[in-house]
Structure formats: structure tokens, C-alpha cells
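S.K.: Here is my input, please return the structure:
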Amino acid sequence: MNKVVIDTNVFVAALMSRRGAAFRLLGLVGTGTFEISVSVPLILEYEDAAKRRAGTHIPLSEQEIDDVIDYVCSAAEHYQVHFLWRPLLPDLKDDMVLELAVGARCSFIVTYNLKDFVGIEQFGLEAITPQTFLGKIGALP
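M.R.: Sure, this is the predicted structure:
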């Protein structure tokens, strides 16, 4: 089964609109179609990024965002990262995502910012957009 880390930009995009690949991907979390891996720092980043947009770009209340995050946490495999390679990528938050993906032995980082993850192939990982990932797992409508 494919194991993934969902980058924050994909998580936020899924909450911003019920259309598109990010929403479809988030809707498949917990269905057994793929496995999602999370860490405490990533969940805190999801929460911060989503709540900054609550009521404006995201049509959900802070409580509804908490409910979505709680569901993701209940469906995900939790990992604590015990090693750091920072800085490897231009953005330290992307390094955090990479370290989680390596530690959890994921195959993919699902992101809209492919250019931010150039070079992760050396860890056996592929950065992939939500739409491309959905195509790989046969989950496109």
C-alpha cells in the first residue's frame, strides 16, 4: 500500500474548496486506499495554516477545522522523528515534511510545491501532486 505525507498546502487547499484533487484526496483518508503519516509538528502546522484562513478563505469554523484534524489524526500513522538533516531543502518546514516521510518510510510527499522538494529522490521518495497521486491509485473520477 502507498504511504504518503500530505504537505500543508494540500491540506489547506482541501479545506478551501470541495472541488479538486486535494479535497478528493482528503476525503479518501481513512478508507484504506492509502496510508497517511503524520507527526506532531506537521499537525500543528496544519492547524496553524488552516485556522489563519478560517472564515475567510476556508469556509469552516475553528471547531470544524479541529474536527477535520482530529479525524486525520485518528486515521493516520503517527511518527516521532528522531533524526534531522536540516537544512537540506530551501524551507525548514519542507525539511520537517521530508524527515517525516523518510522516517515513516513513505513513497510519496503529496504537494503542490514540487519545486520545493527537488532532490528527495535520493531518499527513495517522490514529490507528486494530488491529481497525479489519485491517478496512480486509480481514484480519479
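
S.K.: pull the helix or strand with minimum mean pLDDT from this protein.
M.R.: helix 92-103 (a mean of 89; mean pLDDT, DSSP states H and E).

S.K.: Convert that helix to PDB, retaining C-alpha atoms only.
M.R.: C-alpha atoms of helix 92-103 as PDB (Å, rounded to 0.1, in the frame of the first residue of the first chain):
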ATOM      1  CA  LEU A  92      12.800  24.400   7.000                       C
ATOM      2  CA  LYS A  93       9.100  23.400   7.100                       C
ATOM      3  CA  ASP A  94       9.700  21.400   4.000                       C
ATOM      4  CA  ASP A  95      12.600  19.700   5.700                       C
ATOM      5  CA  MET A  96      10.200  18.700   8.500                       C
ATOM      6  CA  VAL A  97       7.900  17.100   5.900                       C
ATOM      7  CA  LEU A  98      10.900  15.300   4.300                       C
ATOM      8  CA  GLU A  99      12.100  14.000   7.700                       C
ATOM      9  CA  LEU A 100       8.700  12.600   8.500                       C
ATOM     10  CA  ALA A 101       8.400  10.900   5.100                       C
ATOM     11  CA  VAL A 102      11.800   9.300   5.400                       C
ATOM     12  CA  GLY A 103      11.200   8.200   9.000                       C
END
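
S.K.: Residues contacting it, please?
M.R.: Outside helix 92-103, the residues within contact range by Cβ atoms under 8 Å, 6 or more residues apart in numbering are 4-5, 7-8, 37-39, 41-42, 45, 79, 81-89, 106, 108-109, 111, 113, 116-117, 120, 123, 125. For glycine as for every other residue, the C-beta is placed from the backbone atoms N, C-alpha and C.

S.K.: Kindly recompute the last result at 7 Å.
M.R.: With contacts defined as Cβ atoms under 7 Å, 6 or more residues apart in numbering, helix 92-103 is touched by 5, 7, 37, 39, 41-42, 45, 79, 81, 84-89, 109, 116-117, 120, 123, 125.
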